[in-house]
Structures are given as structure tokens and as C-alpha cells.
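> kindly generate the corresponding structure for this input.
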Amino acid sequence: MDFVLRLLFSLFLLISLFSGRGSAGGVYNHHHHQRHRLRPTKLFVFGDSYVDTGNILIPLSSAQSFPYGITFPRKPSGRFSDGRVLTDFAARYVGLKSPIPFSIRNRVGLRRLKETGVNFAFGGTGVFDTSFPFPNMTTQIDFFQQLQHGHSLSTKTDNQFSAALVSVSGNDYSLDIITNGPKQGLKPFINTVVNQIIVDLKRIGELGVKKIAVTGLGPLGCLPAFTAPSSFKKCNESINSFVKFHNFLLKKAVKKLNQETKHSSKVFVLDVYGAFMSIIEGGKRYNNGEFKTPLKPCCFGVKSGFNCGSVDGEGKKMFVLCKDPKKAFYWDAVHPTQQGWAAAFSALKAFRNHF
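Below is the predicted model:
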């Protein structure tokens, strides 16, 4: 069983980077609303594939391959889904266009960046370095600071009216760490990860951003990569137990951070775990629809060694694609569909209440 789990987690990490913007109609527009709160003027995004909207430009990335992007924008866009991801729904909710990916900043110019903010997130990354050669959270914040100082993207005064979305989805943890524990022990390592998250959040606040939303971990044990052995019917509770510990420490640490910085920035934890589980276990309905088999992905490889978007040496598709992504919560082995993100975002009360 340990071997199978290790194999699946390797698949999880691989798909996160190398697995992969048509209108979404009411799904996307559903969240736009009129509010009396002062709207953020820019949104800055940091993190991983749950919020990356096109920073990984290399052709080998699944997010740049069919069938990724078939719902929106009907072609691969660098998003790890069939369409929009968390960033898009968050931006729409606060009345902004989705922030420009950092990797294409020179194509659009400073004026456009000032209008929307910037997305610094790269799929497959964590707060620390992972097996993928892309900028970790510290480096992403370095990019933010450099744009401020070198290109007059914004000042600390400007940032007082900006918001930040920070996604930490679990790439710092590998299955070997989950099952066997790191050298210093699993719980101390989780503490190390959470402590670094707090360092990063504090730094974003020190750069002037007043409102910061950070994601807790989702139910990693319910990802299709881990539910495959049960034919996508049962979550791995041992993995979810470590996720709960991470989330407990994060909430505790964020509470302390807010007490220390109560006159500057404010950080809110987004309960991704609760949002996902409300769909997986609670049968949460969205837009008059439902996810009848929420643990089964829409897109997956035909056999071991192949993933969503895989082709053989002759270019033949080696993946199965469901008929209607709107009926699936998960898109591939680790990422939600656009419809899945829409449903999950509707349950993220912390964002909706504070932004």
C-alpha cells in the first residue's frame, strides 16, 4: 500500500506541473455584486497551481496543452483547469479583471499592470523549493518588491487599497514526508512550513498590502490521485488528518499575527478544506446542478503512466475526457474544474465577508 501511495503522490506532483481561458456564463458572473465596502484597486496573487493563470510558459506544461482551457478561453491558457481558477473568481468578486501573470508583464506594459495587479503564482511551487524549478513564495514576493521599486508598479500608499491572495496547496509536502515523516518529525516540519507562511504573509503586509487572504490546505486525501485505489469513492483519512493539523496551526499563527499587526495589515484564512468537503460530503449544489461523483476527475489517463493531456509518440490521445466538465468537481488528479472552483468559492465565506 505504501508503494501505491508513493506512486500516486509522485503522480500528484507531476500533474501539478505537467498535467494543464468560451464564456462561463452565469457561473462566472454569479459572484459579481454591488457592495458598500471600499473595493481593492489591485489584486496581487502568490502561490501555486490553484491560482496560477499563466506563468509557466514552457510547452511541456499540461496547462499549455489540450484539453486544458476547453471551457475558458476554449484553448490552453496556462491555467490548471478546464477554465477559470480561484484567482479569477476572487478578482471578479472584488470588481477587478484577473491580474496579469508576471511572466508576460513585458507584453502588456506597466499601465495594464497598474490597473489589475500582478499574478506571481507558479504551478508546482511551495513556500520552500520543491522538485520543480520555479520561484518559491519568497522569490515571488521578491518579484513583487522589485516591481514596486524598479517599475513604480505601486507605492505603499497605493497598496493600502490593494489586496493579496496567497495560495498554499501542499506542494511543500511529499508523500514520503506524510507517511514516513521528515528527519525532524512530521509535526515539527508542518510547524516549519506554517512558520514560513507567516513570514511571507508578514512581508506582504510590510510592503503595504492591507488585506491578505491565505488558503488553508484543501482535503489532500480526497484528491483523485489518492482516491483512485477506491475507484474514486473514498478519501484517504490518514492524509487528511495531517492536513487538519496544518490548518489548525495556520489559523492559530494567523490569529497571533493579526494581534501583532492590528494597526497595519489584516490576514484572513480561507477554509478551502471546509469548502471542498461541503461539496464532497455535503452534496452542496451549485447553479441548479450537482456533482454526483465528486471524487472522480473529468480528465484522466487511460492507464498508469498517462495523465490528463497525455499523448503517445504518435500524438494519439492517451486520456479520457468526460462529456460535461460542469458536472465534475475535479478536473484532473489534483485540480478542480471551473464549475468546481465556482462552487468552492461560493463557500469561502471569509473572502466574501471581508472583501
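
> for the stretch 151-300 of the chain, what spans make up the strands?
162-166, 211-215, 266-270, 299-301 (DSSP state E, counting those that start in this stretch).

> what lies in contact with the first one?
Counting by Cβ atoms under 8 Å, 6 or more residues apart in numbering, the neighbours of strand 162-166 from elsewhere in the structure are 40-47, 51, 86-87, 90, 94, 117, 137, 154, 197, 200-201, 204, 208-215, 355. For glycine as for every other residue, the C-beta is placed from the backbone atoms N, C-alpha and C.

> list the contacts for the residue nearest the centre of the chain?
Centroid-nearest residue in the chain, with Cα atoms, centre = their mean: residue 50, separated by 1.8 Å. Neighbour list for residue 50: 80, 85-86, 167, 169, 215, 335 [criterion: Cβ under 8 Å, 6+ apart].

> for stretch 306-325, buried residues please.
Buried residues in stretch 306-325, counted by 16 or more other Cβ atoms under 10 Å: 306-310, 318-319, 321-322, 325.

> can you give me the end-to-end span of it?
20 Å (Cα to Cα, to the nearest Å).

> average model confidence for it?
Across stretch 306-325, the average pLDDT comes to 92.

> same check, this time on stretch 240-259
97.

> need the contact partners of that stretch.
Counting by Cβ under 8 Å, 6+ apart, 170, 173, 178, 186-187, 190-191, 193-195, 197-198, 201-202, 214, 216-222, 266-269, 271, 273 sit against stretch 240-259.

> restricted to helices, list the residues you listed.
Among those, the ones falling in helices (DSSP state H) are 178, 186-187, 190-191, 193-195, 197-198, 201-202, 273.

> and the contacts of stretch 193-205?
44, 46, 126-128, 137-138, 141, 144, 164, 166, 168, 172-173, 212, 214, 246, 249-250, 253-254, 257, 261, 264-265, 267.

> surely residue 121 touches residue 46?
Yes - applying Cβ atoms under 8 Å, one finds residue 121 in contact with residue 46, separated by 5.8 Å.

> which neighbours do those two have in common?
140, 167.

> which residue is most remote from the mean position of the chain?
Distance to centre of the chain, Cα atoms, centre = their mean, peaks at residue 314 (32.8 Å).

> that residue belongs to a helix?
No - under DSSP: H, G, I helix; E, B strand; the rest coil, residue 314 falls outside any helix and is assigned coil.

> quick one: it from residue 250, how far?
47 Å (Cβ to Cβ, to the nearest Å).

> and residue 38, by the same measure?
Residue 38 is 27 Å from residue 250, by Cβ to Cβ.

> and what of residue 170?
Counting by Cβ to Cβ - residue 170 and residue 250 are separated by 12 Å.

> please apply the same query to residue 305.
For residue 305, the distance to residue 250 - Cβ to Cβ - is 35 Å.

> the two: which is more packed in?
residue 250 (22 against 9; other Cβ atoms under 10 Å).

> the stretch 251-355 of the chain: helices as residue ranges?
272-280, 338-346, 349-354 (DSSP state H, counting those that start in this stretch).

> same for the shortest one, what does it pack against?
Contacts of helix 349-354 with other secondary structure elements, assessed using 3 or more Cβ pairs under 8 Å, 6 or more residues apart in numbering; DSSP states H and E, are made with helix 86-93, strand 211-215, strand 266-270.

> residue 282 is nearest to which of those?
strand 266-270 (17.5 Å; Cβ to Cβ).

> what's the angle between that closest one and helix 338-346?
Counting by axes from the mean of the first three to the mean of the last three Cα atoms, to 10 degrees, strand 266-270 points 130 degrees away from the direction of helix 338-346.

> rounded mean pLDDT for strand 266-270, please.
97.

> just how off-centre is it within its chain?
15 Å (Cα atoms, centre = their mean, to the nearest Å).

> repeat for stretch 123-133
13 Å.

> likewise for stretch 257-277?
16 Å.

> please identify the buried residues of it?
Here stretch 257-277 shows 257-258, 265-277 as buried, counting by 16+ other Cβ under 10 Å.

> closest to residue 232 among those residues?
residue 276 (14.6 Å).

> burial count for the residue nearest to the closest one when sequence neighbours are not counted?
In space, and not counting its chain neighbours, residue 276 is closest to residue 218: 4.8 Å by Cβ to Cβ, 6 or more residues apart in numbering. Neighbourhood size, residue 218 [other Cβ under 10 Å]: 26.

> report the contact partners of residue 312.
Contacts of residue 312 by Cβ under 8 Å, 6+ apart are residue 318.

> could you check the pLDDT of the residue nearest to the centre of the chain?
99.

> what's the local residue count around the closest residue to residue 143 other than its chain neighbours?
Excluding its sequence neighbours, the residue lying closest to residue 143 (Cβ to Cβ, 6+ apart) is residue 120, at 5.3 Å. The number of residues packed near residue 120 is 29, by other Cβ under 10 Å.

> cool, and the one 4 residues further on?
Around residue 124 sit 23 other residues, with neighbours defined as other Cβ under 10 Å.

> what pLDDT does it get?
For residue 124, pLDDT reads 94.

> just confirm it is within a helix.
No - judged by three-state DSSP, residue 124 forms no part of a helix; its state is coil.

> I'd say it and residue 130 touch.
Yes - shown here, residue 124 and residue 130 form a contact pair, counting by Cβ under 8 Å, at 6.1 Å.

> residues contacting residue 54?
63, 77-79, 101, 103-104, 119.

> with residue 102 instead?
Residue 102 touches 55, 118-120, 140, 143, counting by Cβ under 8 Å, 6+ apart.
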